[in-house]
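Novice: build me a structure from this.
(chains A, B, C and D)
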4 protein chains.
Amino acid sequence: MKKRVMVLTGGGDCPGLNAVIRAVVKRAAQEREWEVIGSIESFNGVLREPTEIKVLDEHTVEEIHIQGGTILGTTTKGGPFAWPIKNKDGTWGAADRSDEMLRKLQYLGVEAVISIGGDGSQKISQALYEKGCNIIGVPKTIDNDLSATDSTFGFRTAVQEATEAVDKLVTTAASHNRVMILEVMGRSAGWIALHTAIAGGAEVCLIPELPYDINKVLDAVYQRFDGEKGFAIVVIAEGAHAKGGKIVAKEATEIGDTNVKLGGVGFKLAQDLKDLGLEAGIRVTVLGHLQRGGVPLAFDRILASQFGVKAFEMVLEGKFGEMVSYKESKITSVSLKDATKEYNYVNLDDYLVKSARGMGISFGD
Amino acid sequence: MKKRVMVLTGGGDCPGLNAVIRAVVKRAAQEREWEVIGSIESFNGVLREPTEIKVLDEHTVEEIHIQGGTILGTTTKGGPFAWPIKNKDGTWGAADRSDEMLRKLQYLGVEAVISIGGDGSQKISQALYEKGCNIIGVPKTIDNDLSATDSTFGFRTAVQEATEAVDKLVTTAASHNRVMILEVMGRSAGWIALHTAIAGGAEVCLIPELPYDINKVLDAVYQRFDGEKGFAIVVIAEGAHAKGGKIVAKEATEIGDTNVKLGGVGFKLAQDLKDLGLEAGIRVTVLGHLQRGGVPLAFDRILASQFGVKAFEMVLEGKFGEMVSYKESKITSVSLKDATKEYNYVNLDDYLVKSARGMGISFGD
Amino acid sequence: MKKRVMVLTGGGDCPGLNAVIRAVVKRAAQEREWEVIGSIESFNGVLREPTEIKVLDEHTVEEIHIQGGTILGTTTKGGPFAWPIKNKDGTWGAADRSDEMLRKLQYLGVEAVISIGGDGSQKISQALYEKGCNIIGVPKTIDNDLSATDSTFGFRTAVQEATEAVDKLVTTAASHNRVMILEVMGRSAGWIALHTAIAGGAEVCLIPELPYDINKVLDAVYQRFDGEKGFAIVVIAEGAHAKGGKIVAKEATEIGDTNVKLGGVGFKLAQDLKDLGLEAGIRVTVLGHLQRGGVPLAFDRILASQFGVKAFEMVLEGKFGEMVSYKESKITSVSLKDATKEYNYVNLDDYLVKSARGMGISFGD
Amino acid sequence: MKKRVMVLTGGGDCPGLNAVIRAVVKRAAQEREWEVIGSIESFNGVLREPTEIKVLDEHTVEEIHIQGGTILGTTTKGGPFAWPIKNKDGTWGAADRSDEMLRKLQYLGVEAVISIGGDGSQKISQALYEKGCNIIGVPKTIDNDLSATDSTFGFRTAVQEATEAVDKLVTTAASHNRVMILEVMGRSAGWIALHTAIAGGAEVCLIPELPYDINKVLDAVYQRFDGEKGFAIVVIAEGAHAKGGKIVAKEATEIGDTNVKLGGVGFKLAQDLKDLGLEAGIRVTVLGHLQRGGVPLAFDRILASQFGVKAFEMVLEGKFGEMVSYKESKITSVSLKDATKEYNYVNLDDYLVKSARGMGISFGD
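Specialist: Down below sits the predicted model:
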């Protein structure tokens, strides 16, 4: 019987996940004694009855690197440490099924696990590692919010998508002398908004890290107008908020979990600008999950492919408890423990922020 | 002195306007005795003091066919028959400045006017024609709502944009087993939504012409789910509404003019589905003016170019009071009077609607 | 046992084939007594031993409308009337296996065949119909060379691809004051080149229907140059040729079948212009099969979907011996016999050609 | 009078040049005592009579970051050290006009020069610096062949373009069971081919650094075929060549300078494979200058913008004789002298090459 490595994807999906899976499978195909299986919807596939496991061979992964999403499915619910169970009183609680999971992995002949996921997933990876699981992490975040790696796949595709949106808004904004508000992803970190504002040449960029003064936003918008002519593009992260105000949305495009009925901070900002007397027409676009979907950019596929090859080679080397990382232009690895310590906020001293200000982009601060 | 033809663009902008302008100029360049001028922001450029007029030669229009928007600017306000004036009591009224405009055109040496615009603009064209103006119309509508022409430029680009959005939503929807709602343009006519739903392979398509039953929408969404697995794409026109309900938005992405604080019918639909107990995650994207902007599709540029050449040739032939039209695969013309009579709603007997139903798309009716 | 309809795709592939297949399957799914099977590589799948047949249900066709190519595979070789057989002397001949094929279809329970293909394929369809096969044709041509239908899927996607190529060449051409030659598909008909030249705003368009005078091409190129400045874009169909000259390539990008070692007419044209003393730098792009591949445009998917629904409905109505057609903005059908009579060349009196000339595009004639 | 900084672009054009120019101008606009002028076609604009100089203000650079090419034009000919002059015998020689150029810069009030260009341009920058010119370099290379910077703008856009070409070729290759050859840029360095092969999932990647064995290429192509089924994608850099063979093309798509009549190495490879008996159909695409043109990717615009801001800030700091650089994820600078010492070939020990081999990509070596 062949040695088995299990691959799984957890958390929000991200362009490039399939390229990682494919690279693991392609690399493993060069080692006769190994085979790859995938667990459906992160660890949940292992825990379900009947177990949801998929054999992954070169045929299964053919051309999947071109597709967004993940052929294994993903979820932000459940997992080995917080399996939802119904309490006797009808409410929902969470059960620790991690021991059971380790037994199941053993039963399935899994010698190593490659867990592709974000901050939350890698905390689970570390906890499993501490319980003896041979686990290797692959970082995943569309928001660029992991400090343990200089770069991750998916983020560039999201920025590209948002930048193309700005490009399209520019011509219609200029034709009508309007203010265009583009709401992009970023609940805690404003990386997508920052990169999009620079790439698209926006006038205003509002991010969670820098609460804004609505009057300064209004000033910045007016600057681009010369009398009645001109136009302005405002890029706003879904987690942006006014000084002293509070965050409007946990996830702006999410319905049901929160009391966000406004449909995002973009509409709120438009209303606030109107209330302050802005006469120009304002139009709002909420990109939503367009930023997560679609064909991954070439560079996201390349980084993802290298991550996949590296992850399998770390399995061969027995480098468990580590996460693949891209640091100072090199593919390397860090300990899972260190990987999840720090959150990667936009650093206001970064040259990127300086460059934005240097080109006249206002943060409304 | 050369004979002058004046070009202008009115109403909402639309990909292909610049290709029309360029074609008029290129065609006119072959006639030595003619030159082209453009009025800024539809007829308003003529009426302003100082007059806002731009000479258009081959250099001015170089490569503009690739750009969205209009190099002449456009507006939905003002015009010769309803110029905004402040009344003595501070309120705003409208003045008829049409006679003055005709005098100004004469003073500028304008022998013919090519007016590119939608329903509203062509009604103005007809009124000016009746007052003796040598005017020719070129149809423009991103919503495909003019019955006098089988096809217009811009509409295809909008549908393409919306379809690419669906393509991107599919992979993320499938990875998470979610319902994705995409709100597209279409306040009175659902053409963009209908075409997008077919091209994108959506499960549900909601249009203004067919008020929906929210329970039937829920049924259609559930059909695509098999237990907890599956996903569904819902395309909704901004003017869609439930049976017996009323239209939520005049323009869903517009702020200030209306009491639309919800930010569009997409969010409202999401909330309604949640309230009915839909357990799957729902995410909303509001495309907004992305649909109007950006690089026109090849076929929109081709149609627009033919319209521009035709319009100038109609000037040479003295076919005033007519509008360029595309009928039964031919470039032809119709009288302006007839052109604005009928509104082009989605015809429920059309083979397009039958095809949609034939492929299992639900209209919630 | 259910009634079976067989679908197959023949000839060169074309964006939209999968959308036709999907629409047939989706439409058939609404009729309980029917099921759909597909033959691999046109009719060859039926004739092979073992037979290569694929059951097509809604799951099989999920999301295939987004993909280029055909999930059934296609071929330009073999077929029921010209199956390749090795003669005793080692040479290759062709066998008529049509009777055998009809028996096999009966054995497979096939009550109707939907044959998606071009001119060659529909001639086979007609011949089979005459032998008693219940066959319905769906037109397919990337070159727009079928006169029996005003429009087919795939052509628009090819033109879009070529037009985007022109858009990209323009900025680099302008920066370096160069002449850019773009070689596109079109061995006998210049439709792709003609549409691309208009949409892209090229200076010169060379098509098979209009043999060119190389000196006139040179003149047209020079016109765009003002001293050393300026640039020019030349779009050339692979079947274009100089007056009195002969066609350089059967298929410019094809190797092995012909003695085309030059790599296409684009390089030849460049050399000829150089030989005539053109001093500006010249660069050549050979688009090749890029034009056939990739994601179909929204409108090609929509037309293809309607064709698929229509084809299955014609099966229900028993309208055999007919081909689906799009005429004067309506989905209809024509007899297969008439469908293959005339070849659709670029008509020099067409308003499209007039528009091109009207905008100053030279055909080198 | 304001202090003047002069910007110019030299060598082959590259997506992102305009974003650098725009960023310099936007940053300079924040310093009251400075203004920016541009020299047309690299240094040639200064040397011509009359001088070709353009004032660059915020209006001039509006939205140019979205366009490929360079608004200043560029050239690979002339320059201060090798100005073409006609000798008495009618042949052409080169004159040193560097002293004259320095005088002209002084006369124009130019206090600093920002020279955006590749290896050749930066060698001129260094020579001018040694003669006392206050010059700052900004690296530019579409081929990624400068070792002094980890990353440059334009390269990513070229790889993206080539990768999208592979994506399109895949569906048509699979439908017809063909071998598709894609010829990309890279005369001396195979970076574009290498990145494209990984991102696109090609079977074979041929680069100048690794002369290939045609029999091994054939083997690799056959591996992807299973009987008559299957397909293969080959990415070949224009400078790739067989072992012991010599480079076919200086620039594969260039006509006139060389005796390259074959139209590129792609066609030659196809012929060689045919001659060896490959039975599958082969099709060739020559991307050519598509790779240089078009809209720059978001990340190329962002890097270019940071380079532009940095270059102007180096002017303020008086850091002359230096070139902007991106090293270990930071914007920094290196001396021009060091910048042009080493050529950046594909390093065969790089993890990128290992990853490619790890996923089964053959280099034919």
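Novice: hang on, residue A:298 packs against residue D:201?
Specialist: No. Assessed by C-beta atoms under 8 Å, residue A:298 is found out of contact with residue D:201, at 11.0 Å. (Glycine included, C-beta is placed from N, CA and C.)
Novice: ranges for the strands of the stretch 101-250 of chain A?
Specialist: A:110-117, A:135-139, A:179-184, A:204-206, A:232-237 (DSSP state E, counting those that start in this stretch).
Novice: report the angle between the third one and strand A:232-237.
Specialist: Counting by axes from the mean of the first three to the mean of the last three C-alpha atoms, to 10 degrees, strand A:179-184 points 20 degrees away from the direction of strand A:232-237.
Novice: which neighbours does strand A:179-184 have in its sheet, and in what orientation?
Specialist: strand A:232-237 (parallel), strand A:282-286 (parallel) (DSSP bridges).
Novice: which of those has the lowest average pLDDT?
Specialist: Out of the strands paired with strand A:179-184, strand A:282-286 stands lowest, with a mean of 92 (criterion: mean pLDDT).
Novice: may I have it as PDB, with CA atoms only?
Specialist: Provided in PDB are the C-alpha atoms of strand A:282-286 (Å, rounded to 0.1, in the frame of the first residue of the first chain):
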ATOM      1  CA  ILE A 282     -22.700  59.700  -6.900                       C
ATOM      2  CA  ARG A 283     -22.800  56.100  -8.000                       C
ATOM      3  CA  VAL A 284     -21.900  53.000  -6.000                       C
ATOM      4  CA  THR A 285     -20.500  49.600  -7.000                       C
ATOM      5  CA  VAL A 286     -20.200  46.800  -4.500                       C
END
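Novice: ok, then the element right after it?
Specialist: Next helix or strand after strand A:282-286 toward the C-terminus (DSSP states H and E): helix A:298-317.
Novice: ok, the longest helix along chain A near chain C or not?
Specialist: Counting residues, the longest helix in chain A under DSSP state H turns out to be helix A:155-176. No. Contact of helix A:155-176 with chain C (C-beta under 8 Å from any C-beta of the partner chain) is absent, the minimum separation being 13.2 Å.
Novice: who are the packing partners of that helix?
Specialist: Using 3 or more C-beta pairs under 8 Å, 6 or more residues apart in numbering or on different chains; DSSP states H and E, the elements in contact with helix A:155-176 are strand A:179-184, helix A:191-200, strand A:232-237, strand A:282-286, helix A:298-317, helix D:298-317.
Novice: pick the most buried one from those.
Specialist: Of all these, strand A:179-184 has the most neighbours on average by mean count of other C-beta atoms under 10 Å in any protein chain shown, namely a mean of 31.
Novice: kindly calculate the angle that that one makes with helix A:191-200.
Specialist: Angle, strand A:179-184 to helix A:191-200, by the same axes, to 10 degrees: 140 degrees.
Novice: got a list of contacts for strand A:179-184?
Specialist: A:158, A:162, A:165-166, A:169-170, A:172-173, A:192-193, A:196, A:202, A:221, A:231-238, A:252, A:264-266, A:269-270, A:273, A:278, A:280-287, A:291, B:289 (C-beta atoms under 8 Å, 6 or more residues apart in numbering or on different chains).
Novice: so residue A:171 touches residue B:290, yeah?
Specialist: No. Look at residue A:171 against residue B:290 with C-beta under 8 Å: they stay out of range, at 10.9 Å.
Novice: and these two? which has more neighbours close in?
Specialist: Taking neighbours as other C-beta atoms under 10 Å in any protein chain shown, residue A:171 and residue B:290 compare with residue B:290 leading, 30 against 27.
Novice: center of chain A - which residue?
Specialist: Of all residues in chain A, the one closest to the mean position by C-alpha atoms, centre = their mean is residue A:142, 2.3 Å from it.
Novice: ok, that residue touching residue A:155?
Specialist: Yes. Between residue A:142 and residue A:155 there is a contact at 5.8 Å, judged by C-beta under 8 Å.
Novice: find the residues that touch each one of these two.
Specialist: Common neighbours of residue A:142 and residue A:155 (C-beta under 8 Å, 6+ apart) are residue A:192.
Novice: and stretch A:62-80, anywhere near chain C?
Specialist: No. Judged by C-beta under 8 Å from any C-beta, stretch A:62-80 and chain C are separated, with a smallest distance of 9.5 Å.
Novice: quick one: residue A:8 is in a helix?
Specialist: No. With DSSP: H, G, I helix; E, B strand; the rest coil as the criterion, residue A:8 is assigned strand and is not in a helix.
Novice: that one contacts residue A:47, correct?
Specialist: No. In this structure, residue A:8 is not within contact of residue A:47 by C-beta under 8 Å, at 11.3 Å.
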